[in-house]
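In: give me the fold of what follows.
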Amino acid sequence: MMENAVLKIEGMNGEECADKVAQVLSGVSGVTDVRVSLLNCLASVRYDEKHATPQTLAGSLAQAGYPAAPAGTGGGCCGGCCGG
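Out: Residues are numbered from 1 along each chain as shown. I've put the predicted structure just below:
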C-alpha cells in the first residue's frame, strides 16, 4: 500500500542541498515520488509501506548529513513551491 510522509529536514541551505535530499530519498527502496521544499525545509515522499517507513527515510537522510524527522503524514508537504 502506498503512503505519504512529510519530513522536516535540517541543514538544507541551497538548491544543491535540496537536490541531494531528493536524490537520497529517491534511492530508498519503495520510494516512488519525492518533492522537496527548500523554503520550508520539508520533503514530501510517496512510498510503499512494505519497503520503507518515515523513520527509515529520516535515517537515510541523517546518514547523508541531513538530520530529519517525520513531520506527519498526508497528501503532500506545504503545497507551496514544490507543488505538494
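In: list of residues touching the helix or strand of the chain with the lowest mean pLDDT?
Out: Lowest by mean pLDDT, DSSP states H and E among the helices and strands of the chain is strand 68-72, with a mean of 85. The contact list for strand 68-72 (Cβ atoms under 8 Å, 6 or more residues apart in numbering) reads 5-10, 42-43, 54-55, 57-58, 61-62. For the C-beta atoms, the positions are set from N, CA and C on the backbone; glycine is no exception.
In: show me which of those residues are buried.
Out: 5-9, 42-43, 54, 57-58, 61-62 (16 or more other Cβ atoms under 10 Å).
In: is it possible to get CSV of the residues you listed that adds distance to Ala22?
Out: Listed next are the buried ones among the contacts of strand 68-72 as CSV, based on distance: Cβ to Cβ, whole Å:
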residue, distance to Ala22
Ala5, 14
Val6, 14
Leu7, 12
Lys8, 15
Ile9, 11
Leu42, 12
Ala43, 7
Pro54, 16
Leu57, 12
Ala58, 15
Leu61, 11
Ala62, 16
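In: these in helices, which ones?
Out: Using DSSP state H, 54, 57-58, 61-62 are the members of these that sit in helices.
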